[in-house]
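Enquirer: Please find the sequence and the predicted model below.
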Amino acid sequence: MAASAGPDVSPGLLSRLKAGFSRWRDSRIADPKFQAWATRFPLTRPIANRQGAQLYDLVAGFVYSQILFSAVEIDLFTRLRNGPRSLPDLAQQTGWPEEALRRLLQGAAALDLLSRNRDETYALGPLGAALLGAPGVVEMIRHHHLLYADLADPSALLKGEVESTNLSRYWAYVHGAETHGMEAATAAPYSKLMAASQTMVAAETLACHPMKGIRHLLDIGGGEGAFLSAALNATPGLSGTVFDLPAVADRARTAFEAKGLAARAKAVGGSFLSDDIPQGADAISLIRVLYDHGDETVHALLAKVFHALPAGGHLIISEPMSGGAKPTREGDAYFGLYTAAMTSGKPRSAETHSHNLATAGFINIQTLKPRQRFITRVIRAEKPKRA
């Protein structure tokens, strides 16, 4: 006699059971009486306290970011790089009143940005020290006053009811207006920020996608050439081109000369919105480009890239991405609102990118695994050898 196969539990039944349990659990957590009991009961107290602290951090998060912004604004971490300083000493250096500065220092110490010593001096905390090692983050924080102003009414921003924003004016290229006639003074601020932030992005991208075997890399929207410079320094024999707006390309040429890379790198001025993409590269990179733009622009750009690549050529995409079915803080929360404030673009999931690439004709599409996903995610695709 055959052994019983056991109960037949279908995937649909499991999903319904899981959904039912989640509804029951959430109804308990949402009950104030249950919350009060959970904080008293020894076995549930750690869970209740952890959830309470997480919720508190969400409520207070905007205040935390203002403490960080103020500290960066007065170069507080740089001032403490060489050791602890007293309150009077820091007040004299910054020009802040002592009581106002004390409030800031205490708040920064509570967030592990600083540490307070027993002699009432202040030193770098673990997060403050880490910030000094990531200058790209500092530059991002410095421009956040524009984002904070745009978030004055986040509901209106998310619903698209805000006609003009600070970030849309800051990132002047995203809507394609006057790109060729853009003045150097307009391009300088965002080009500087891109160069600083792309240092971190380049390190993560090249760690999971080395450029070995590539002869010539075309970096579209490459700004001042931070990514291309990193790729050239890491890859002997590689040459490359930055393709960006004329005012930005001028800055890239200057940067290449200053870094001693002018013999291996060049910059071509133009707009991928209206101009043809330079030919001759066997690999093209889009580093933090696609999420700036709407779907129509993305589809058109991928078609141009496909046409510009030779048969068997590679495309590398590196940028913040949505988590899709598993939303992420960096992709869906931060860059979801950031791109809303830009009034252009959106973070896309790896699945959406893959679909767009396949539609454009690419094959062998791979989502690579970076060391620090909160900095960037990377996708590699190939043009068929017989296209």
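Expert: Structure's in. What do you need? Residues are numbered from 1 along each chain as shown.
Enquirer: which outside residues touch stretch 373-384?
Expert: 200-201, 204-205, 208-209, 288, 306, 309-321, 328-331, 350, 353-354, 357, 361-368, 370 (CB atoms under 8 Å, 6 or more residues apart in numbering). Heads up, the C-betas are built off the backbone N, CA and C, glycines and all.
Enquirer: end-to-end on that stretch?
Expert: Terminal residues of stretch 373-384 lie 29 Å apart, using CA to CA, to the nearest Å.
Enquirer: again with stretch 204-214
Expert: In stretch 204-214, first residue to last residue: 18 Å (CA to CA).
Enquirer: and if you look at stretch 301-318?
Expert: Rule used - CA to CA; the end-to-end distance of stretch 301-318 is 15 Å.
Enquirer: sorry, back to before: please flag which of the contacts of stretch 373-384 sit within helices.
Expert: Applying DSSP state H to the contacts of stretch 373-384, the entries found in helices are Met200, Val201, Glu204, Thr205, Cys208, Phe306, Ala350, His353, Ser354, Leu357.
Enquirer: Pull the contacting residues for the third one.
Expert: Think Glu204. Per CB under 8 Å, 6+ apart, neighbours of Glu204: Ser318, Pro370, Arg371, Gln372, Ile375, Thr376, Val378.
Enquirer: go on, Ala360?
Expert: With contact set as CB under 8 Å, 6+ apart, Ala360 has these partners: His299, Leu302, Ala303, Val305, Phe306.
Enquirer: if we can go back for a sec, most neighbours among the ones in helices among the contacts of stretch 373-384, which one is it?
Expert: When neighbours are counted by other CB atoms under 10 Å, Thr205 leads the ones in helices among the contacts of stretch 373-384 with 28 neighbours.
Enquirer: How many neighbouring residues does the residue nearest to it when sequence neighbours are not counted have?
Expert: Among residues not flanking Thr205 along the chain, Ser318 sits closest, at 4.3 Å (CB to CB, 6 or more residues apart in numbering). Using other CB under 10 Å, Ser318 has 28 other residues around it.
Enquirer: Please look at Ser318 and Val201 and confirm they touch.
Expert: Yes. At 6.1 Å, Ser318 and Val201 qualify as touching, with contact defined as CB atoms under 8 Å.
Enquirer: which residues do these two both contact?
Expert: Common neighbours of Ser318 and Val201 (CB under 8 Å, 6+ apart) are Ile287, Arg288, Thr376.
Enquirer: I am finished for the moment; much appreciated.
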